[in-house]
Every structure is written in C-alpha cells, then in structure tokens.
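Novice: Build me a structure from this.
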Amino acid sequence: MLSRVAGNIYWMARYLERAEDLARLINVNANLALDLPKGLSPIWGQLVAITGAEGYAEEFNERSVLKFLISDKKNQVSIMSSMAFARENARTIRDVIPREIWETINTTYLYSKDQAQQALTKRGRYPFLQEIITQCQTITGTLSGTMNHDAGYTFLKLGRLLERADMTTRIIDTRSANLIPDATTSAATYDNLQWMSVLKSLTGYQMYRREMQLAIKREDVLRFLLQSKVFPRAVAYCLNEVESGLDALPNNERTLLAVHRVKRQLDHMEYRKLKQEELQNSMDHLQVGFANIHSELSVAYFGEDATTQSQTQVAG
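Specialist: The predicted structure follows:
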C-alpha cells in the first residue's frame with residue numbers, strides 16, 4: 001500500500017472520530033445545565049481547553065464557544081473543519097474505501113456546512129449534534145462491515161483508536177477539574193455529578209454501572225476509563241487494540257516500543273492517590289505518549305507527506 005494512501009485512511013478515521021467526540025462533548029455540556037441548581041451553568045470555556053484549540057479570542061459564553069467549536073473554519077478542530085478534512089482525505093482514496101462511505105462523508109460534510117448556523121440555537125443544537133454522531137457511527141459500522149480487513153483497515157483502526165484515547169485523557173484532564181463554577185460547592189456537593197458528566201461525555205455511564213457495579217466515585221471512574229479492557233473508549237482498551245493492529249504490520253518495532261512505553265506508564269499509575277494537579281500531569285504525559293506513537297507511525301508508514309500536512313493532525 002502506498003504511504004500516501006495509508007496516511008489518508010489513518011487521518012480520515014481520526015477526523016471522523018474527532019467530529020463525533022466533539023459533538024458528544026457539546027451535547028453533554030448542554031444537558032448538564034438541566035442538572036445544575038438554578039443560577040449555575042457549565043463552564044463553556046472548558047470545552048475549548050479540552051480540544052487544545054488555539055486562537056480563541058471571544059468571551060467564554062455559550063454562543064461564542066459553540067460557534068468556535070461547531071462552525072468556525074479558522075478553528076481546525078471544529079466539527080465543520082474536522083468533517084472537511086475527513087472529506088478531503090476520503091476524496092483522495094475513493095478507490096480504496098466503499099463508495100457508500102465517500103457518499104456518506106460527503107453528505108455529512110454538506111449537512112454540517114448547511115446547518116451550522118441552526119446548530120447555534122438551543123432548538124437546533126441537539127438535532128445537529130445527534131445527526132453528526134449518528135452519521136459518524138454509521139460510517140464506522142459500514143466500514144467494519146464492508147471494507148476488506150487488510151492493511152488499509154488496520155490504519156483506519158489505528159487512527160480512530162489513537163484519537164479516541166487522546167480524547168479520553170483530555171476529558172479526564174480538563175473536565176474533571178473545572179466542570180462547575182463554584183469550586184467549593186463542586187467539591188462538596190456535586191462531585192458525583194461531575195464524574196457522571198465525565199462518563200457521559202464518553203458515553204460510558206451505562207457501561208460503567210454494568211462493569212463496575214459501584215456507585216460513582218472518582219477513583220472507580222478513573223479505573224474504568226483508564227484501565228478497562230472491555231470498554232471501547234478506555235485508554236487501556238485502545239492501546240491493546242493499537243498493539244494488536246501493529247502486530248499485523250511490517251516494520252513495527254519502533255512503534256510497538258512507543259506503545260509499550262505508554263502501557264507501562266498506564267499500568268504504574270496510582271490513580272487512587274493522585275491529587276487533581278498530579279492527575280492532570282499524568283494525563284498530559286499520556287498525551288505526549290500518544291503523540292510519540294503517532295510520530296513513529298508517520299516515520300514507519302506514512303512518509304514526509306503525511307507528517308507535513310497543513311491540517312491540524314493531532315488535537316492540541
């Protein structure tokens with residue numbers, strides 16, 4: 001397989017995952033307002049911090065943040081930008097992916113472009129975000145059921161899993177610290193609500209209750225999201241799947257070493273003892289590890305063209 005094709009498949013998957021994850025995150029933040037006491041509202045600026053996006057110059061109010069994250073073309077990790085990048089990568093590999101995938105990605109991009117302004121309204125927000133989530137899930141399922149599970153599909157999985165693991169650590173990093181405006185109130189009364197929101201941001205609330213069979217507590221949520229081997233958005237699950245995918249590829253030694261370093265870091269993390277600042281530092285270190293895995297992938301399989309694209313390749 002040509003390195004250009006492998007890189008485009010990989011990035012198409014990352015951008016689709018990024019658009020879906022951001023849509024989920026915005027949805028949960030909007031719904032959180034319904035659970036908070038009167039007079040309190042979620043800190044919308046935390047969504048900007050989670051994405052690691054640069055260039056935000058407006059006030060951190062709801063509408064400005066939504067516009068930046070949904071439709072701002074200058075923000076290269078917005079939903080519209082992510083769909084545009086996914087579409088461009090898919091366009092160049094239309095002979096490799098099923099035709100239905102190209103058509104669905106193109107249709108979803110056009111939908112995000114046409115409905116972006118409507119998505120900024122309270123009435124139009126939920127239908128827009130739900131459509132993005134549904135279409136991205138449809139694309140993922142169609143690829144799984146119709147694309148040859150060869151090297152190309154492996155690169156697609158690697159892109160999706162790395163993006164997913166990175167987003168999980170970013171949500172833990174930022175969202176768990178400053179979810180609710182009044183820090184004293186948050187720590188005392190709304191701790192469970194805070195960690196429930198973290199789970200819901202990753203669509204993991206029901207799976208947490210099913211696997212852990214425990215009330216929501218900080219240390220148990222961290223154990224689930226970091227070390228679960230069965231939850232598809234847990235960091236350990238994603239790394240195991242990345243390792244499995246790499247085992248099927250040639251020239252994988254350096255990339256596997258990078259994966260093993262991150263797995264050791266995860267295994268040795270004493271998350272029960274970590275204070276908030278220490279937890280944030282640990283998440284930052286994991287993100288550096290993901291970036292190193294990506295760099296080794298680029299060197300081994302994608303060539304210079306994939307590592308010098310003008311697009312924003314890794315969130316933050």
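
Novice: and residue 252, what are its phi and psi?
Specialist: With angles defined as degrees, to the nearest 10, residue 252 sits at phi -100, psi 0.

Novice: wait, doesn't it sit right on residue 300?
Specialist: Yes - Residue 252 is within contact range of residue 300, at 7.0 Å (criterion: CB atoms under 8 Å). Glycine gets a C-beta too; all of them are placed from N, C-alpha and C.

Novice: now residue 238: how far from residue 211?
Specialist: Residue 238 sits 16 Å away from residue 211, taking CB to CB, to the nearest Å as the criterion.

Novice: And for residue 169?
Specialist: 19 Å.

Novice: More neighbours: those two, which one.
Specialist: residue 169 (22 against 15; other CB atoms under 10 Å).

Novice: helix, strand or coil for that one?
Specialist: Under the three-state scheme (DSSP: H, G, I helix; E, B strand; the rest coil), residue 169 adopts helix.

Novice: Just to check, it is in contact with residue 235?
Specialist: Yes - using CB under 8 Å, residue 169 is in contact with residue 235, at 6.4 Å.

Novice: Mutual contacts of these two, please.
Specialist: residue 286 (CB atoms under 8 Å, 6 or more residues apart in numbering).

Novice: tell me, which helix in this structure spans the most residues?
Specialist: In the chain, assigned by DSSP state H, the helix with the most residues is helix 3-35.

Novice: element containing residue 269, please.
Specialist: Per DSSP states H and E, residue 269 falls between elements, in no helix or strand.

Novice: tally of neighbours for it?
Specialist: 20.

Novice: got the contact list for the residue lying closest to it once chain neighbours are set aside?
Specialist: Closest residue to residue 269 in three dimensions, ignoring its sequence neighbours and counting by CB to CB, 6 or more residues apart in numbering: residue 282, at 5.7 Å. Counting by CB under 8 Å, 6+ apart, residue 282 touches 269, 271, 274.

Novice: what about 10 Å?
Specialist: Residue 282 makes contact with 169, 172-173, 222, 226, 265-266, 269-271, 274, according to CB atoms under 10 Å, 6 or more residues apart in numbering.

Novice: Then residue 290?
Specialist: Contacts of residue 290 (CB under 10 Å, 6+ apart): 161-163, 165-166, 169, 235, 238-239, 242, 258-259, 262, 314-315.

Novice: Can I get the buried ones among those residues as something I can paste into ChimeraX?
Specialist: Applying 16 or more other CB atoms under 10 Å to these, the buried members can be selected in ChimeraX as follows:
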select :161,162,163,165,166,169,235,238,239,242,258,259,262,314,315
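
Novice: between the contacts of residue 282, which has the most around it?
Specialist: residue 172 (26 neighbours).

Novice: Read off the pLDDT value for it.
Specialist: pLDDT recorded at residue 172 is 88.

Novice: how far away is it from residue 9?
Specialist: Taking CB to CB, one finds residue 172 at 28 Å from residue 9.

Novice: Then residue 234?
Specialist: 24 Å.

Novice: Neighbour count for the two, which is higher?
Specialist: Set residue 234 next to residue 9 and count neighbours by other CB under 10 Å: residue 9 wins out with 29 against 25.

Novice: residues contacting the more buried one?
Specialist: 1, 89-90, 92-93, 96-97, 143, 147, 151-159, 302.
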